[in-house]
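>>> I'd like to go over a predicted model; first the sequence, then the structure.
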Amino acid sequence: MFFKRFMPGKGKAVAQATETDADAQSGDASASAVTDSPAVSSSSATPANRASTTESAAATKSSTKLWARKTTKVSSMPIRAIDAAELGFNTTAELTPSPAPVGQEKALEALTFAASMKGSGYHILVTGEEGSGRRTATRTILRSVAADLERPADWAYVNAFDSEGGFRALKLPTGTAKLLAQKMALAVDQLAEALPAAFAADDYDLKRRMIEEEHRFRREDALQALQQEAEAQNIALLRTPAGIAVAPILEGKVVKTDVFNAIPEAMQREVETKIATVEAELAKIVGEQPEAEEERSAQIDALTAEIAGRHVQAALEKVHADFAEIDAVTDYLEAAGRDMISNAGLFVAHAEASDAGSAGLTSQRENGSVRLVQSAAAHPRFARYGVHVMAAPLRNGGAPIAEETNPSYSNLFGRVELAHDSDGQQRIVRIRPGALHKANGGFLLLEADALLSAGAAVASLLRALETSEIRFDPPTDPVGIVGDEIPALEPVPLNVKLVLIASDAALKQLKASYPALMRAFKSRAPFAATVAKSTESIAKFAGLVAYIVEKHDLRPFNAEAVAMLINEAVQRAADPGLLALPVSDLVDLCRAADHWADNEDRKTVSADDVAHALQHFYGDDATEHETRRAMP
């Protein structure tokens with residue numbers, strides 16, 4: 001069988017060297033391995049074994065290939081198989097698992113140095129082909145560096161409560177933005193229950209009636225006094241649907257027009273003079289009505305503010321106490337409190353509304369179970385009091401790392417979402433953070449291929465990096481906003497390191513399309529496709545196999561199985577002094593070999609299982625075998 005040529009201790013078969021440049025299928029699942037060191041010596045193979053290899057290749061059958069390859073010139077140097085005895089262990093269970101990419105010291109050093117540089121602007125370009133382990137190595141180093149960095153401050157958007165209807169950006173202590181949002185929501189819920197009850201109470205109703213009665217009695221007293229004065233002069237005040245009329249009285253009765261015209265002219269002029277005087281006094285009383293009404297409204301507003309103020313103060317008291325040392329939050333709470341008092345009717349209207357529906361439903365955990373409860377804070381009419389958290393969730397401390405696979409404008413800079421209130425008006429109900437907000441104070445990891453498809457978002461990203469601020473100014477309408485002006489969001493200061501992973505082809509396109517963005521990268525970490533084979537690199541390769549075994553919960557690989565994998569890496573490099581096996585391919589081979597070992601009910605993975613895995617990926621068709629031999 002063709003794969004026997006790889007098996008240690010069985011003739012040390014010789015084959016013409018091949019090299020395979022594999023495209024990784026799953027960068028997330030891979031970890032890279034290989035180190036620069038002097039290559040070990042190789043020995044010549046016998047013609048018999050070479051012939052045996054060729055004959056066995058003719059008997060192979062084709063199978064599905066899980067990676068793409070490109071042909072290059074095949075080395076004529078003979079490749080010596082690694083003997084399992086040279087590895088110095090029986091199974092990978094004896095080894096210390098190591099995910100470190102072997103042979104990529106220069107790339108790792110550059111990546112670590114740039115990631116550890118203090119301050120913003122030291123952006124990092126990670127280059128290399130698929131399967132080189134660049135993604136896993138980058139994530140590992142970033143996590144290591146980020147863990148030692150200080151967790152940045154939180155940021156949140158809150159209503160500015162000004163005439164422009166904008167939003168302020170609040171800087172908050174680490175991990176407190178979510179707390180502020182929760183406490184404000186609780187305050188709104190508390191007021192949604194307390195204020196309607198307070199305004200329905202007898203005490204408020206009595207005081208309001210007293211104010212209204214006071215103004216009504218004051219007007220009635222003035223009219224009553226005028227009426228008595230007029231009657232003393234034989235003038236009557238008549239209440240009609242159209243208002244108050246003035247008429248003369250003769251012998252205790254209101255005089256009709258025809259009777260009035262029949263009396264002497266001198267008497268008529270005397271009566272008309274009296275009527276004009278009464279009408280003037282009446283006009284004065286009626287003319288005071290708007291001022292009196294304003295006074296009445298002011299007194300009712302003062303009463304409402306007094307009642308609402310007590311409850312608003314009680315609802316916000318705990319929030320004030322928790323954030324008393326932050327002036328910006330104190331200013332916001334005072335503005336929000338004033339707005340709650342002046343808009344106390346919103347809370348009463350909410351209680352009276354009949355459209356309960358599902359709007360405002362939130363989940364609440366109780367005794368291990370989750371139930372839906374009606375939350376006033378979730379209703380669009382109270383969105384004005386929402387606190388929109390723009391920081392990444394607090395996990396284990398350290399600086400944040402955000403990875404965005406689709407760097408569109410909204411995914412990078414966030415989005416504004418609107419909803420219609422019951423009155424038909426659109427209100428901002430949610431401001432969602434983008435990847436820049438989540439990575440602020442840490443690292444933003446992007447893929448070059450995805451960035452090439454981001455269009456206008458690239459220019460906005462470059463502007464954000466140059467100005468060190470996240471400014472919400474989308475090139476097109478964001479989600480939820482159609483035909484409306486974009487809300488004024490105060491820019492958020494930006495302190496981030498952009499880490500871009502690029503293949504050689506993508507890098508070339510980026511340089512041509514976005515040269516200004518490429519100039520922003522001050523450090524480059526290149527990952528090599530092949531590395532020198534040496535005692536050190538072979539040991540690290542074995543450690544990587546041990547890591548894959550541990551990470552994917554596989555059976556231990558015995559020395560013969562690891563030797564066959566190393567020989568496959570040598571075969572891919574097309575050079576007896578090099579190793580080249582994309583880590584994602586190595587992961588696939590290990591998992592497939594473990595599957596064969598499971599079928600055979602073996603406790604460890606053997607060389608036979610690795611041979612089966614190779615056969616599964618390459619097949620054993622003679623044509624396929626010869627093609628593989630000619631591929632790098």
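Yep, that arrived. Since we're looking at a predicted model, the values are computed, not measured.
>>> tell me the pLDDT of residue 130.
According to the predicted model, the pLDDT of residue 130 comes to 84.
>>> repeat that for residue 214.
Per-residue confidence at residue 214 stands at 71 (pLDDT).
>>> cool, and residue 155?
Residue 155 carries a pLDDT score of 96 in this model.
>>> what count of nearby residues applies to it?
21 (other Cβ atoms under 10 Å). (Glycine included, C-beta is placed from N, CA and C.)
>>> please apply the same query to residue 462.
Residues within reach of residue 462, counting by other Cβ under 10 Å, total 17.
>>> my read is that it contacts residue 517, right?
Yes - contact criterion Cβ atoms under 8 Å: residue 462 and residue 517 qualify, at 5.0 Å.
>>> show me where the stretch 351-500 of the chain has strands.
In order along the chain, the stretch 351-500 of the chain carries the following strands (DSSP state E, counting those that start in this stretch): 361-366, 369-374, 388-389, 401-404, 415-420, 426-432, 443-447, 469-470, 492-493, 497-502.
>>> and the last one, which residues are buried?
Along strand 497-502, the positions that meet the burial threshold by neighbour count (16 or more other Cβ atoms under 10 Å) are 497, 498, 499, 500, 501, 502.
>>> phi, psi of the nearest residue to residue 147 once chain neighbours are set aside?
Residue nearest to residue 147 in three dimensions, not counting chain neighbours: residue 398, with 4.3 Å by Cβ to Cβ, 6 or more residues apart in numbering. With angles defined as degrees, to the nearest 10, residue 398 sits at phi 80, psi 180.
>>> next one: residue 398 from residue 110, what distance?
To residue 110, residue 398 is 21 Å away according to Cβ to Cβ, to the nearest Å.
>>> give the buried residues for stretch 234-245.
Applying a neighbour-count criterion of 16+ other Cβ under 10 Å, one finds 235, 236, 237 buried in stretch 234-245.
>>> can you check stretch 545-560 too?
545-550, 554-560.
>>> after the helix or strand containing residue 569 comes which helix or strand?
Using DSSP states H and E, residue 569 sits within helix 559-573. Secondary structure here is assigned by DSSP H and E; on that basis, the next helix or strand after helix 559-573 toward the C-terminus is strand 578-579.
>>> who does the helix or strand just after that next one touch, helix- and strand-wise?
Towards the C-terminus, the helix or strand next in line after strand 578-579, according to DSSP H and E, is helix 583-599. Contacting helix 583-599 under the criterion 3 or more Cβ pairs under 8 Å, 6 or more residues apart in numbering; DSSP states H and E are the following elements: helix 535-551, helix 559-573, helix 607-618.
>>> got the buried residues of strand 497-502 as JSON lines, with pLDDT columns?
Formatted as JSON lines, the entries for these read as follows, by pLDDT from 0 to 100:
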{"residue": "497", "pLDDT": "96"}
{"residue": "498", "pLDDT": "97"}
{"residue": "499", "pLDDT": "97"}
{"residue": "500", "pLDDT": "97"}
{"residue": "501", "pLDDT": "97"}
{"residue": "502", "pLDDT": "96"}
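>>> which two of the residues you listed have the greatest separation?
The widest separation within the buried residues of strand 497-502, taken as Cβ to Cβ, falls between 497 and 502 and amounts to 15.7 Å.
>>> which SSE is residue 125 in?
Assigned by DSSP H and E, residue 125 belongs to strand 123-127.
>>> that strand packs against which elements?
Counting by 3+ Cβ pairs under 8 Å, 6+ apart, the elements that strand 123-127 packs against turn out to be helix 105-116, helix 134-147, strand 497-502, helix 504-513, strand 521-526.
>>> just name the most buried of the strands of the stretch 351-500 of the chain.
Counting by mean count of other Cβ atoms under 10 Å, strand 497-502 has the highest mean neighbour count of the strands of the stretch 351-500 of the chain, with a mean of 25.
>>> alpha carbons of it, as CSV, please.
Extracted as CSV, the C-alpha positions of strand 497-502 are listed here (Å, rounded to 0.1, in the frame of the first residue of the first chain):
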residue,chain,number,x,y,z
LYS,A,497,-5.3,48.8,18.1
LEU,A,498,-6.4,47.4,14.8
VAL,A,499,-5.1,43.9,14.0
LEU,A,500,-5.7,42.9,10.4
ILE,A,501,-5.2,39.4,9.2
ALA,A,502,-4.4,39.2,5.5
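>>> what lies in contact with it?
Strand 497-502 is contacted from outside by 114-115, 120, 122-127, 134-135, 138, 142, 442-449, 451, 461, 465, 510, 520-521, using Cβ atoms under 8 Å, 6 or more residues apart in numbering.
>>> so what strands line up beside it?
Strand 497-502 has its sheet partners listed here by DSSP bridges as strand 123-127 (parallel), strand 443-447 (parallel).
>>> next, the angle from it to helix 134-147.
For the pair strand 497-502 and helix 134-147, the angle between their directions (axes from the mean of the first three to the mean of the last three Cα atoms, to 10 degrees) equals 170 degrees.
>>> quick one: strand 497-502 to helix 504-513, angle?
For the pair strand 497-502 and helix 504-513, the angle between their directions (the same axes, to 10 degrees) equals 120 degrees.
>>> so how far is strand 497-502 off the chain centroid?
The gap between the average C-alpha position of strand 497-502 and the chain average comes to 18 Å, counting by Cα atoms, centre = their mean, to the nearest Å.
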